[in-house]
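Chemist: Build the 3D model from these lines:
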Amino acid sequence: IPWGDRDRDLKYVQHYKPSKGSVKHLRVMLYGPVGSGKSSFINSVSSILRGRMAIPAAVSAATSEISFTTKYETHKIEREDGFYPLVFNDIMGLEDGTNTGVQTEDIKLAMMGHVMDTYLVTNLNCDILSALCCFQRRRFFSAVRIPQVCILTHIDEACGITESNLKNVYHSKYIKRKIEELSSTVGFPMNCIFPVKNYSEEHRLDNDIDSLILDALQSIINFGDDFIKKLARE
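Modeler: Numbers count the residues shown, from 1 in each chain. Modelled structure (predicted):
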């Protein structure tokens, strides 16, 4: 990515408006394994857009196999004239084991608009941390034509050369291999997989962290707006 374009990328996101006037915002739902950084990604996006550290989504500092997020909750990001036209929905994490975590049906209902904010996700028979189940969810989203991207988090912890310098992310053989494995296993095109580092221990914004997240955010916006245009033509 062009690392020197952080401010340009930020303005692109800040000035975005849905192409169809009747659409007030794009809704982005994050789902994935416990501890993968879903809530932290929302907080990171909010921090970048607001120009300071922000934590609208509660996160746990402890590593756990149990989801810290227990509700289906909407997060809007404030700006001077109201809110950005980009809404995030945070849900319970996918847990390894039975009787735990969010169920596939919960995710389907949420994406179809049948779940209210602060809906408590049920913890019934759920055996979902498998590539097969991830593929099944992806196949469902594809069937209803919902655009999807994959956010690959914790890249600083995964590889030594990215830990020392985030700009090495696309030079890392390890990160490249993980992207290829994810693409092969779950079916995401490689250009729909975005490696990022969430804000976690930082007290101030960092241009390199911002650049990776803004790169992902631009594609989320572009794919979402393409979806709006497609629906308008039908």
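
Chemist: Am I right that Lys229 falls within a strand?
Modeler: No. Read with DSSP: H, G, I helix; E, B strand; the rest coil, Lys229 is helix and lies in no strand.

Chemist: residues near the nearest residue to it once chain neighbours are set aside, how many?
Modeler: Using Cβ to Cβ, 6 or more residues apart in numbering and skipping the chain neighbours, the partner closest in space to Lys229 is Ser19 (5.7 Å). For the C-beta atoms, the positions are set from N, CA and C on the backbone; glycine is no exception. By the criterion of other Cβ atoms under 10 Å, Ser19 has 12 neighbours.

Chemist: OK, contacts around Ser19?
Modeler: Counting by Cβ atoms under 8 Å, 6 or more residues apart in numbering, Ser19 touches Asp225, Ile228, Lys229, Ala232.

Chemist: repeat that for 7 Å
Modeler: Counting by Cβ atoms under 7 Å, 6 or more residues apart in numbering, Ser19 makes contact with Asp225, Ile228, Lys229.

Chemist: Also Asn207?
Modeler: Contacts of Asn207 (Cβ under 7 Å, 6+ apart): Arg6.

Chemist: for the chain, where's the lowest mean pLDDT among helices and strands?
Modeler: strand 119-120 (a mean of 38; mean pLDDT, DSSP states H and E).

Chemist: What about Phe194, how many residues nearby?
Modeler: Counted with other Cβ under 10 Å, residues neighbouring Phe194 total 20.

Chemist: picking that back up, dihedrals phi and psi, the residue nearest to Lys229?
Modeler: Phi and psi for Ser19, reported as degrees, to the nearest 10, are phi -70, psi -20.

Chemist: so Asp90 bridges to which residues?
Modeler: In this entry, Asp90 is beta-bridged to Leu30, Glu73, by DSSP bridges.

Chemist: And Ile175, how far from Leu166?
Modeler: Using Cβ to Cβ, to the nearest Å, Ile175 is found at 11 Å from Leu166.

Chemist: ok, now Ile213?
Modeler: From Ile213 to Leu166 the distance is 11 Å (Cβ to Cβ).

Chemist: Which of the two has more residues huddled nearby?
Modeler: Ile213 (25 against 20).

Chemist: And the residue nearest to Lys229, how far from Val45?
Modeler: Taken as Cβ to Cβ, the span from Ser19 to Val45 is 21 Å.

Chemist: list the contacts for the residue nearest the centre of the chain?
Modeler: For the chain, Leu30 is the residue whose C-alpha lies nearest the centre (Cα atoms, centre = their mean; 4.8 Å). The contact partners of Leu30, by Cβ under 7 Å, 6+ apart, come to Lys38, Phe41, Phe88, Asp90.

Chemist: Stretch 7-24: end-to-end distance?
Modeler: Its start and end residues considered, stretch 7-24 measures 25 Å (Cα to Cα, to the nearest Å).

Chemist: Please disregard the earlier target; I meant stretch 28-43.
Modeler: In stretch 28-43, first residue to last residue: 14 Å (Cα to Cα).

Chemist: mean confidence score for that stretch?
Modeler: For stretch 28-43, mean pLDDT is 82.

Chemist: How far off centre is that stretch?
Modeler: Put simply, stretch 28-43 sits 6 Å off its chain's centre (Cα atoms, centre = their mean, to the nearest Å).
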